[in-house]
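can you look at this prediction? I've put the sequence above it.
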Amino acid sequence: MLMHELSIAMDLVEQLSEVISRENASEVLEISVAIGAMCGVERVPFEFAFPEAARNTPLQGAVLNIEEIPLVLKCNDCGLEGETDELVMICPGCNSFSVEIVKGMEFLVRSMEVK
Amino acid sequence: MCQDCGCEQGNARAHITKHHSHDHTESKGFEEIHVHVHSDPSVNIRGSEIHVHVHLTRDGEAHPHDHDHDHEHLSESKALASREIVLESRVLARNDEFAELNRTLLKDRGCVAINFISSPGSGKTLLLEKTLEGLADRVKCAVIAGDQQTDNDAVRLRSKGAPVLQIETGSSCHLNAEQVGEAIRQVLQEDTRLLFIENVGNLVCPAAFDLGENYKVVLLSVPEGEDKPLKYPVIFHDATASVITKCDLLEHLDVDMDKYRDSLGRIHPGGRTFELSALTGDGMEGWLSYLESLVT
């Protein structure tokens, strides 16, 4: 079974190839991506999949920089805003269940270094 | 010690001075780094006018140098040739565009869509069969069924009177919004009010793909274990409602329903939870009423 990270990497390559052609770039040196802890995409399979998806495209050989965005919750009861390692919706300060996700759902391509 | 500038050979050493020229030819037998930083003394060394030469020698191959020789300034040439394109865009933008089209299409057609997600074997298809039977005289339904291979699910569901369309995803582990958009156009009828999208059995991959549905419902069967929501937090958090299926097996298993409720509560506080058995029918009416309330 294909990892969904591979189909995502293929989508990303397609998306960036359009940017490369629009920008008249000849080579991509680096790509910076941000992966939120709760976005449903895992760093390791994505790192594995990306070079496969980039093969024989203008992105072949580009360095993939991944920024991991932790889950940040804001508590509606005690007001605490903070990171949590555990992916549970409980305030790390007061154990309240009334929390909102501030960060951690993102899955972004931030930038590309091109020549 | 270099007679000209006082630098010690064999040690990395920077010295700031006016331009001068000299050879270092005496180093032997070890690797050395020799750094000259040249700047006019009147120039602030924090400024950009600093010029650095790094001379590497190894095993006595001294590298004589003066400041007239050519060398490539790699960092400068690279900096000139490369540039940064700032994007800050969603990686799944393409899927999300199709999902948005699906949402608009569904809204225009007056139809509510539910993305049904669970592990393989949690009882999605049986629950759907019983749901279609239960809603037969109440809500006009349609089904899109996703599986890697076979149309077995579609065959089972078709006998319940609702239009059913099978998507075989082949090697892919999830449905995407583009596939679903094509299927919606084919399967919806004039009076369809509720569309079930039975995703490929998988708790991980479908969580990342918006299909344009109005609600995600995740199924969890009793034998799967009380901590499953904690192991797959993304999908259990995203789902509007969770259905604990195969509750008829409770008496045969060493599991605690309170622990299921607790782990669901930790991942999705305040989320709707249904406990039922599609086989015996226990708990089905609450589920059917909930679905009915979504379209009225």
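Yep, that arrived. Nothing here was measured: the structure is a model prediction, and the numbers come from that model. Numbers count the residues shown, from 1 in each chain, chains lettered A, B, ... in the order given.

for the chain, give me the ranges with low pLDDT.
Since you didn't name a chain, this refers to chain A. For chain A, applying pLDDT under 70 flags the ranges A:1-2.

actually it's chain B I care about, not the one you picked
Scanning chain B for pLDDT under 70 picks out B:1-80.

the residue most central in space within chain A: what secondary structure?
By Cα atoms, centre = their mean, chain A has its centre lying nearest to residue A:35, at 2.3 Å. At residue A:35, secondary structure determined by DSSP: H, G, I helix; E, B strand; the rest coil is strand.

so which elements touch the longest helix belonging to chain B?
For chain B, the helix that runs over the most residues, judged by DSSP state H, is helix B:93-108. Other helices and strands packing on helix B:93-108, by 3 or more Cβ pairs under 8 Å, 6 or more residues apart in numbering or on different chains; DSSP states H and E, are helix A:4-22, strand B:112-117, helix B:177-187. Backbone N, C-alpha and C define where each C-beta goes, glycine included.

give me the buried positions along the following helix or strand past the second one.
Helices and strands here follow DSSP states H and E; after strand B:112-117, the next one along the chain is helix B:124-135. By 16 or more other Cβ atoms under 10 Å in any protein chain shown, the buried positions in helix B:124-135 come out as B:124-125, B:127-135.

let me know the closest of these to chain A.
Nearest to chain A, judged by Cβ to the nearest Cβ, of the buried residues of helix B:124-135 is residue B:124 at 17.5 Å.

OK, contacts around the closest one?
B:116, B:118, B:198, B:201, B:219 (Cβ atoms under 8 Å, 6 or more residues apart in numbering or on different chains).

next, count neighbours for the fourth one.
Yep, that's residue B:201 we're talking about. Applying other Cβ atoms under 10 Å in any protein chain shown, we find 19 residues neighbouring residue B:201.

part of a helix, is it?
No - per three-state DSSP, residue B:201 lies outside any helix segment and is coil.

which one is it nearest to, not counting chain neighbours?
residue B:120 (3.2 Å; Cβ to Cβ, 6 or more residues apart in numbering or on different chains).

surely the one you found and residue B:199 touch.
No - contact criterion Cβ atoms under 8 Å: residue B:120 and residue B:199 do not qualify, at 10.9 Å.

more neighbours: which of those two?
Neighbour comparison, residue B:120 and residue B:199: the larger count goes to residue B:199, with 30 against 11 (by other Cβ under 10 Å).

may I have the phi/psi pair for the more buried one?
When read as degrees, to the nearest 10, the backbone of residue B:199 gives phi -70, psi 170.

and the longest helix of chain B with helix A:4-22, angle?
Here helix B:93-108 points in a direction 100 degrees away from that of helix A:4-22 (axes from the mean of the first three to the mean of the last three Cα atoms, to 10 degrees).

out of the helices and strands packed on helix B:93-108, deepest packed?
Burial of the helices and strands packed on helix B:93-108 is given as mean neighbour count (mean count of other Cβ atoms under 10 Å in any protein chain shown); strand B:112-117 ranks first at a mean of 25.

contacting residues for residue B:271?
B:239-242, B:264-265.

helix, strand or coil for residue B:162?
Under three-state DSSP, residue B:162 comes out as coil.

got a list of what the residue lying closest to residue B:103 once chain neighbours are set aside touches?
Computed as Cβ to Cβ, 6+ apart, the closest residue to residue B:103 that is not its neighbour in sequence is residue B:212, at 4.3 Å. Contact partners of residue B:212, counting by Cβ under 8 Å, 6+ apart, are B:98-103, B:105-106, B:113, B:177, B:180-181.

which one of those sits closest to residue A:45?
Here the nearest of the contacts of residue B:212 to residue A:45, counting by Cβ to Cβ, is residue B:177; it sits at 21.0 Å.

identify the residues contacting that closest one.
Residues near residue B:177 by Cβ under 8 Å, 6+ apart: B:95-99, B:101-102, B:209-212.

and with 7 Å instead?
By Cβ atoms under 7 Å, 6 or more residues apart in numbering or on different chains, the contact list for residue B:177 reads B:95, B:98-99, B:102, B:209-212.

residue B:228 too?
If you count contacts by Cβ under 7 Å, 6+ apart, residue B:228 has them with residue B:220.

now do the phi/psi pair for it.
Dihedral pair for residue B:228: phi -60, psi -40, per degrees, to the nearest 10.

measure it to chain A for me?
13 Å (Cβ to the nearest Cβ, to the nearest Å).

what about the residue nearest to residue B:103, which SS state?
Look at residue B:212: counting by three-state DSSP, its state is coil.

hmm, back to that, identify the farthest-apart pair in the contacts of residue B:177.
By the measure Cβ to Cβ, the contacts of residue B:177 have their two most distant members at B:102 and B:209, which lie 11.5 Å apart.

and the closest residue to residue B:210 other than its chain neighbours, how many residues sit next to it?
Of all residues not flanking residue B:210 in the chain, residue B:99 sits nearest, at 4.0 Å (Cβ to Cβ, 6+ apart). The tally of other residues near residue B:99 (other Cβ under 10 Å) stands at 21.

please apply the same query to residue B:190.
Neighbours of residue B:190 using other Cβ under 10 Å come to 7.

where do the strands of chain A begin and end?
For chain A, the strands defined by DSSP state E occupy A:28-36, A:63-69, A:71-75, A:81-84, A:99-103, A:107-114.

who in the stretch 51-200 of chain B is up against chain A?
Within the stretch 51-200 of chain B, the residues that sit near chain A (Cβ under 7 Å from any Cβ of the partner chain) are B:81-95, B:171-174.
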